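**Q** Quick one, fold the following:
(3 chains)
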Amino acid sequence: MANPISELGYKALKFVQALGNLAAFTAAVAWAIVRPPSRFGGFVRELYKLGVLSLVIICVSGLAVGMVLGLQGYHTLVRFGAQQSVGELVGLSLIRELGPVLTALLVAGRAGSATAAEIGTMVATEQLNGLRMLSIDPISLVVKPKALAMLCSTPLLTGLFVLCGIYGGYVVDVGLMKGDPGSYMSGLRSAVDFHNDIECCLLKAVIFGTLLGLIATFRGYNSEPTSEGVSAATTSSVVISSVSVLLMDYVITALWGV
Amino acid sequence: MVPSVNESEQGRQGLQANAAAQAPQQAGQQAVALDRVSMSYGQRRVFNSLSCSFPQGRISLILGGSGSGKSTILRLIGGLAQAQSGRVLVGSEDVTHLSQGGLNVLRRKLGMLFQGGALLDSYSVFENVALPLREQRRKNPAEIGTEVRATLNAVGVSDADDLLPGELSGGMLRRVALARAIIGKPVILLCDEPFSGLDPLTIRRMEALLVQINRELRMTMIIVSHDIQSTFRMADHIVLLLGGKVIEGTAEQMRHSQQPEVAEFFSEGTEIATARGAI
Amino acid sequence: MERSSMRDFLVGLFMLAGIGGIVYLSVSIGGFSWHGSEGLHVSAAFDETGSLTVRAPVVIGGVRVGEVSAISLGNDFRATVEMNLDPGLKLPTDTSAQIVTAGVLGDRYIELQPGAEEKVLKSGDRISMTQSAVILERLIGQLVYGVTKGDSKDNKPATSEPAKMP
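**A** This is a model prediction of the structure:
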């Protein structure tokens, strides 16, 4: 039957069309960012909603991940007599991969879905049309502060995630397993290099933050003006953000190693 | 304060109840005109080659069955929808295919009252009404404050400055939205079902408010409504969309129209008597 | 839309915490430094560095006094290790440097043993007395070689026992 094939073709075309939409949307947002008004008040408000309110989940998750890394790492390394390397293991894993990626996934789930839902609801209740009729560009008033806030808070949250994780590993290694505190930190210090590791971590966090900001606002902005549409926008925002982050992580890691 | 409306001698024109294309009226007499406009949403055709006009400085009501395209006309005028063919004229200007810049200029002359108010739900009443002023004009905060309070008073809303839209009753919500729509001193006000969901007393208050604004500010009003009583009380001009055809006229003409569909639309109807009698 | 000052304060705290966290990670853990290197720069040549890495600690008597800043191949095909030490350190010119292992299989680091000279090292000086890293595999190889050679050369301890047996 031709149906599955034409379905596939149709889906492929829609996908390409969606990419084109996203590109046009990104251009519009970038243009709105460089033009006045600055929307600083809105930016600060969004930083609070997306950044400050995410602190608890980020720090708790970071601590938990660090503790698990410490525990698993210790049990494995101790078999080779290398338990003084737990600090390096925890630190490098967090800084290079787990910090930026897990933070981005958590932010996508919390802040990203909230943003998509909020903008989608504004579309459904015609608030954006109301703004257009007042000659106010909704991308400038609504999208710009939200996207910028996600871009800025992701690296900050990543840094805090990593620190909490390192502390979690320390608690397990030194507190629980009675390891040597000095070798935890010095192993960590000697293994982590600013240029190789921290720069890569921050770059990833910034790129992920940009992706999250764009995808969440895009899905909300283009949602169908029904309650089902808003729900679809919210879930697809999380799914697309997560997959993009993971794929992008591979790309960055591969290129960084070159 | 009064917008520059040319109140030309536009008496109650007895237009022929005719669906055929009409020559667009002269500028200055008609605030808005649609000329042979066809409009579809995807597959669904809303109307075909529709022509109608709305007189300057008067209150016009658009009536018709559900899905007949009443709200679509408002969206075409405001540039929120694009016609497939035909022309939309505001004043003497063809606004059918405008760029974003052109739309921004057009919308400064328009005010729109959406069905649900469409206020920003995370902003307070004061901030919502102040928003157009903050964005467009270069007024200092003190002037903005005075003008916002004056407008809110004019629509009969007071002591609600810090409330959120979610905390307002239906009537107050509509009035705040109205305040936001008129604070920019538009020439033409578009209202999408401003009376729906309101109790009869509130409806009459809204009517009185709109009529007062029209008389004082000479603002052209184009209102979409379902409420026939309101229509007859308020309208200077009625545009009736029935079965793809347009019938225009004054309230008197419509009430005493000889055309069967028009008469039926405005009559009390026999449906309920039939339903009662059938049992 | 109200500018709640409490909210603004929390946002400010958030930014400070985040930026502070990143700075701490970069400087303390990552070893990023503005002033490049104000410390005492010395270098030393080794035949063998083993798995010594950049940023490995440099230690005197168990106390960390600096770190390895670079490892490169010298013109004489010996490894040149550059070290960045604490600025106030006064090391005699006959100080020796040895590459040591933490534990048996652990990370390598450099241990300095100060000498007795009166003159002290300045930035850019070379430590001349060095002891290379011990490579475990070579050590085992030498041991095996030594035992097998010992077997064939010296028979006496091996044959004294069997003579006693009936």
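**Q** how about the helices in the stretch 101-250 of chain A?
**A** Here the stretch 101-250 of chain A has its helices, by DSSP state H, counting those that start in this stretch, at A:113-124, A:127-133, A:138, A:144-170, A:181-191, A:199-221, A:227-257.
**Q** Please see if the fourth one touches chain B.
**A** What that stands for is helix A:144-170. No. Judged by CB under 8 Å from any CB of the partner chain, helix A:144-170 stays clear of chain B, getting no closer than 11.7 Å. C-beta here means a position set from N, CA and C on the backbone, and glycine is covered the same way.
**Q** for chain C, what spans make up the strands?
**A** For chain C, the strands defined by DSSP state E cover C:40-46, C:57-60, C:63-73, C:79-85, C:96-101, C:108-113, C:125-127, C:129-131.
**Q** mean confidence score for the longest one?
**A** For strand C:63-73, mean pLDDT is 87.
**Q** That one: partners in the sheet, and parallel or antiparallel?
**A** strand C:57-60 (antiparallel), strand C:79-85 (antiparallel) (DSSP bridges).
**Q** The first one: how far from the chain's middle?
**A** Its chain's average C-alpha position is 7 Å from that of strand C:57-60, according to CA atoms, centre = their mean, to the nearest Å.
**Q** ok, and the closest non-adjacent residue to residue 71?
**A** Going with chain A. Of all residues not flanking A:Leu71 in the chain, A:Val172 sits nearest, at 5.1 Å (CB to CB, 6 or more residues apart in numbering or on different chains).
**Q** To clarify, I was referring to chain C.
**A** C:Val81 (5.3 Å).
**Q** Tell me the bridge partners for the one you found.
**A** C:Ala44, C:Ile71.
**Q** neighbours around it, how many?
**A** 26 (other CB atoms under 10 Å in any protein chain shown).
**Q** how about the residues of chain B that lie near chain A?
**A** B:78, B:80, B:103-104, B:107-108, B:110-112, B:114-116, B:118-121, B:131-132, B:135-136, B:180-181, B:184.
**Q** Could you tell me which of these count as buried?
**A** B:78, B:80, B:103-104, B:107-108, B:110-112, B:114-116, B:118-120, B:131-132, B:135, B:180-181, B:184 (16 or more other CB atoms under 10 Å in any protein chain shown).
**Q** Would you format the strands paired with strand C:63-73 as TSV with mean pLDDT and distance to B:Ser169 included?
**A** Shown next, in TSV, are those (pLDDT from 0 to 100; distance: least, CB to CB, whole Å):
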stretch	mean pLDDT	distance to B:Ser169
strand C:57-60	88	72
strand C:79-85	89	72
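**Q** of those, which approaches A:Arg39 most closely?
**A** In terms of CB to CB, the element of these nearest to A:Arg39 is strand C:79-85, at 46.2 Å.
**Q** would you list the strands paired with strand C:63-73 in a markdown table and tack on distance to C:Phe46?
**A** Below are the strands paired with strand C:63-73 laid out as a markdown table (distance: least, CB to CB, whole Å):
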| stretch | distance to C:Phe46 |
| --- | --- |
| strand C:57-60 | 13 |
| strand C:79-85 | 5 |
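**Q** among those strands, which is nearest C:His41?
**A** Nearest of the strands paired with strand C:63-73 to C:His41, taken as CB to CB: strand C:79-85 at 6.1 Å.
**Q** A:Leu131 touches A:Ser140, doesn't it?
**A** No. Under the criterion of CB atoms under 8 Å, A:Leu131 is not in contact with A:Ser140, lying 9.3 Å apart.
**Q** And whichever residue of the stretch 1-150 of chain B sits closest to chain A, how close does it get to A:Thr115?
**A** Per CB to the nearest CB, B:Ala118 is where the stretch 1-150 of chain B lies closest to chain A, at 3.5 Å. Using CB to CB, to the nearest Å, B:Ala118 is found at 20 Å from A:Thr115.
**Q** Likewise for A:Leu102?
**A** 19 Å.
**Q** Tell me which of those two has more neighbours.
**A** Each of A:Leu102 and A:Thr115 has its neighbours counted (other CB under 10 Å); A:Thr115 has more, 29 against 20.
**Q** In contact with that one, which residues?
**A** A:50, A:146, A:150, A:216-217, A:220, A:237 (CB atoms under 8 Å, 6 or more residues apart in numbering or on different chains).
**Q** got a winner among these for most neighbours?
**A** Highest count within the contacts of A:Thr115 by other CB under 10 Å belongs to A:Ala216, 32 neighbours.
**Q** So it versus A:Ile240, what's the distance?
**A** Taking CB to CB, one finds A:Ala216 at 9 Å from A:Ile240.
**Q** what do you get for B:Gly197?
**A** For B:Gly197 relative to A:Ile240 (CB to CB), the value is 37 Å.
**Q** Show me which of the two is the more surrounded one.
**A** When neighbours are counted by other CB under 10 Å, B:Gly197 and A:Ile240 differ, and A:Ile240 comes out ahead with 21 against 14.
**Q** Name the secondary structure element that contains B:Val246.
**A** strand B:245-249 (DSSP states H and E).
**Q** Now that strand: average pLDDT?
**A** 85.
**Q** hmm, which helix or strand of chain C has the shakiest average pLDDT?
**A** helix C:156-164 (a mean of 47; mean pLDDT, DSSP states H and E).
**Q** scratch that, chain A
**A** Min over SSEs of chain A, mean pLDDT, DSSP H and E: helix A:181-191 (a mean of 84).
**Q** Could you pull up phi and psi at C:Leu89?
**A** phi -70, psi 130 (degrees, to the nearest 10).
**Q** Can you report how many residues lie near it?
**A** 18.
**Q** That one contacts C:Val65, doesn't it?
**A** Yes. Counting by CB under 8 Å, C:Leu89 does reach C:Val65; the two are 6.0 Å apart.
**Q** just the strands in chain B please.
**A** Under DSSP E, chain B gives strands at B:30-41, B:44-55, B:59-64, B:85-90, B:93-94, B:110-113, B:188-192, B:220-224, B:237-242, B:245-249.
**Q** okay, those in a markdown table with distance to chain C next?
**A** Below are the strands of chain B laid out as a markdown table (distance: least, CB to the nearest CB, whole Å):
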| stretch | distance to chain C |
| --- | --- |
| strand B:30-41 | 34 |
| strand B:44-55 | 36 |
| strand B:59-64 | 34 |
| strand B:85-90 | 32 |
| strand B:93-94 | 35 |
| strand B:110-113 | 21 |
| strand B:188-192 | 25 |
| strand B:220-224 | 30 |
| strand B:237-242 | 39 |
| strand B:245-249 | 43 |
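**Q** Please list the residues of the stretch 51-200 of chain B that sit near chain C.
**A** B:122-124, B:127, B:162.
**Q** which of the residues you listed are buried?
**A** B:122-124, B:127.
**Q** In chain C, which residue is most central in space?
**A** C:Tyr109 (2.2 Å; CA atoms, centre = their mean).
**Q** what's the spacing between that one and A:Leu55?
**A** 38 Å.
**Q** And B:Thr96, by the same measure?
**A** The value you get for B:Thr96 to A:Leu55, if CB to CB is used, is 51 Å.
**Q** Likewise for B:Ser53?
**A** Distance from B:Ser53 to A:Leu55, by CB to CB: 59 Å.
**Q** Looking at these two, which is more packed in?
**A** A direct count of neighbours by other CB under 10 Å for B:Ser53 and A:Leu55 places B:Ser53 higher, at 23 against 18.
**Q** nearest residue to the more buried one other than its sequence neighbours?
**A** B:Ala33 (4.1 Å).
**Q** Now that the one you found has come up, it's in contact with B:Cys52, right?
**A** Yes. Using CB under 8 Å, B:Ala33 is in contact with B:Cys52, at 7.3 Å.
**Q** picking that back up, okay, and which of the buried ones among the residues of the stretch 51-200 of chain B next to chain C map to helices?
**A** The members of those that map onto helices under DSSP state H are B:Glu127.
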